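Engineer: sequence first, predicted model second:
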Amino acid sequence: MISPQDVPIIQDRIYDSEKLANALVNHITNEKGEILARVWENKGFQEIYDYKGVELTRRRLKRKQEQVFNRFDASTHLFQKVYYNPELLAQDEVQLRETFIKYNNIHDQTQNFLRGAFFLGYWPLTYVVARKISPAGVFLYSLAYLGAYKYGAKAFALGTLQGNLNRHAEDLAKKYGIKKPDEYAQ
């Protein structure tokens, strides 16, 4: 219980609006006064990296963002490395998010085209193959065709998406001082 003599002291310390405002501003800005992105507060980040809500209840989401940032390799996942940078500014986060949405839509259209092309191409090729080889051979051909789609066309489309995102993030990587491993040797 708080004694009546301590109330004025505690009240000045807790409810001073200027101190509270300064604490809030220091919490959401960097040293230059620019607003930070605070990616860890994003619902999408929490669903991916804290789906059980443990980090949220322990108030360790900011640390989780730093762990994710440190885990990505800049040579292959530069976009993610920039996006999860703890010093990322809010305006840069919006720019990265818009870029991701743009390239993700292109990726989805490419995936739908590839899926349709492989599906439509399967039937005539299977008809030709089935006339010349046994049913077991047709089964093996079907597995090879599925593998060509999954590990060839689909992987190529995903690599293209990551490559486009990485190319877009190169300028921001320089801004935040994120280097690829081969740049450290120079």
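Structural biologist: Ah, there it is.
Engineer: look up phi and psi at Tyr122.
Structural biologist: The phi and psi values for Tyr122, taken as degrees, to the nearest 10, are phi -70, psi -40.
Engineer: surely it meets Ala148?
Structural biologist: No. Using C-beta atoms under 8 Å as the test, Tyr122 is too far from Ala148 to be in contact (10.4 Å). The way it works is simple: take the backbone N, C-alpha and C, and place the C-beta from them, glycine included.
Engineer: flag every buried residue along the strand or helix carrying Asp171.
Structural biologist: Assessed by DSSP states H and E, Asp171 sits inside helix 154-176. The neighbour-count check on helix 154-176 (16 or more other C-beta atoms under 10 Å) flags Lys154, Ala157, Leu161, Gln162, Asn164, Leu165, Asn166, His168, Ala169, Leu172, Ala173, Tyr176 as buried.
Engineer: and it, what other elements does it pack with?
Structural biologist: Under the contact criterion of 3 or more C-beta pairs under 8 Å, 6 or more residues apart in numbering; DSSP states H and E, helix 154-176 touches helix 78-83, helix 90-132.
Engineer: report the contact partners of the most centrally placed residue in the chain.
Structural biologist: What sits nearest the mean C-alpha location of the chain, by C-alpha atoms, centre = their mean, is Gln80, with 5.0 Å. Residues counted as contacts of Gln80 (C-beta atoms under 8 Å, 6 or more residues apart in numbering) are Val68, Phe72.
Engineer: compute the distance between it and Gly44, please.
Structural biologist: Distance of Gln80 to Gly44, given as C-beta to C-beta, to the nearest Å: 13 Å.
Engineer: picking up where we left off before, and the helices and strands packed on helix 154-176, which is most packed in?
Structural biologist: Mean neighbours per residue, mean count of other C-beta atoms under 10 Å, is largest over the helices and strands packed on helix 154-176 for helix 78-83, with a mean of 25.
Engineer: average pLDDT across it?
Structural biologist: Per-residue pLDDT over helix 78-83 has a mean of 94.
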